[in-house]
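> Predicted model follows, preceded by the sequence.
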Amino acid sequence: MRGEDDRVSVSPGERSVRKRRARGSISADEILHGAYELASAESLDSLSMPRLAQRLDVGVTSIYWYFRSKEELLDVMTERALAEFDQAINVPVDLAWDEYLTTYFTAYRDVLRDNSLWCDLIVMRGSALSPEALRVAKQRVDVVVDILTKAGFATDDALRAHAVLSVYARGAILHYRQWDSPDSPVRIDAEFPDQIDPFSVTADEAFAFGLQNAIRGLRALLAQSAKR
């Protein structure tokens, strides 16, 4: 069940003085909270079952009792991240459709850009969502689609509009992370403090420009539909 990358070396001295919690004294919620803390403090890549066990002062088997694999733990973490992300967006649904899209996708980009753990779980693992995570994500999509269809868009066009703007926002987030990572040769804020970064669509002005022009195209599509 454990691979080579999950092995942890412990010195004899550390092994003799370490005191583990009693078996059965930890819960699934505590494990999830500990995994969240470890991944937030370091990175999602640094999360492994042995490292998490050390952090929680339990044996690795205590974690596997609740989560059969690291992927299963990541699935539950993603479900939690999606629920928290949904609460963080919190855009009023009574806005005009174009104002809603502007507010929603700006918040979408900002929230995920500023929370690296949510970004890793929601964006980077987007193609590996569990059924529960997909259900939560679909609820959010349905809200946007409902607003657009009530404004007069055909359902297919509303779904395509959400997909296009979601891809645009996610691409901006990933591009930002590439430039803003410790491995990047140039830091965005340091290199372009007062102007749009000409090599990246993730500057605030550039992102807003692209979003507004996409929405302008949707207004034209809605007007065409109304004439039919």
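Nice, I can see it.
> pull the helix or strand with minimum mean pLDDT from the chain.
helix 12-17 (a mean of 40; mean pLDDT, DSSP states H and E).
> got a list of contacts for stretch 137-154?
Outside stretch 137-154, the residues that touch it by Cβ atoms under 8 Å, 6 or more residues apart in numbering are 82, 86, 89, 93, 96-97, 100-101, 104, 129, 155, 157-159, 161-162, 218, 221-222, 225-226. Every C-beta, even on glycine, is put in place using the N, C-alpha and C of the backbone.
> Could I get the full set of helices for this structure?
12-17, 28-41, 49-56, 60-66, 70-89, 97-114, 116-118, 131-151, 155-180, 188-191, 204-227 (DSSP state H).
> Enumerate every residue touching Arg219.
By Cβ under 8 Å, 6+ apart, Arg219 lies in contact with Asp98.
> Quickly note the distance from it to Gly59.
59 Å (Cβ to Cβ, to the nearest Å).
> Over to Ala35?
Separation of Ala35 from Gly59 (Cβ to Cβ): 16 Å.
> Please list all residues in contact with Leu47.
Contacts of Leu47 (Cβ under 8 Å, 6+ apart): 35, 38-39, 70.
> phi, psi of the closest residue to Tyr104 other than its chain neighbours?
Distances taken as Cβ to Cβ, 6 or more residues apart in numbering put Val91 closest to Tyr104, at 4.7 Å, once the chain neighbours are dropped. Main-chain dihedrals, Val91, degrees, to the nearest 10: phi -100, psi 130.
> Pretty sure Val91 sits against Thr103.
Yes: assessed by Cβ atoms under 8 Å, Val91 is found in contact with Thr103 at 5.0 Å.
> Quick check on those two: which one has the bigger neighbour count.
The neighbour comparison of Val91 against Thr103 (other Cβ atoms under 10 Å) goes to Val91, with 19 against 14.
> got the contact list for that one?
Here Val91 is in contact with 100, 103-104, 107 (criterion: Cβ under 8 Å, 6+ apart).
> Relative to Phe209, which of those residues is nearest.
Distances from Phe209 to those, taken as Cβ to Cβ, are shortest for Thr103 (16.2 Å).
> Enumerate every residue touching that closest one.
91, 95.
> what ranges of this structure fall below the confidence cut-off?
Within the chain, the segments meeting pLDDT under 70 span 1-25, 126-127, 179-203.
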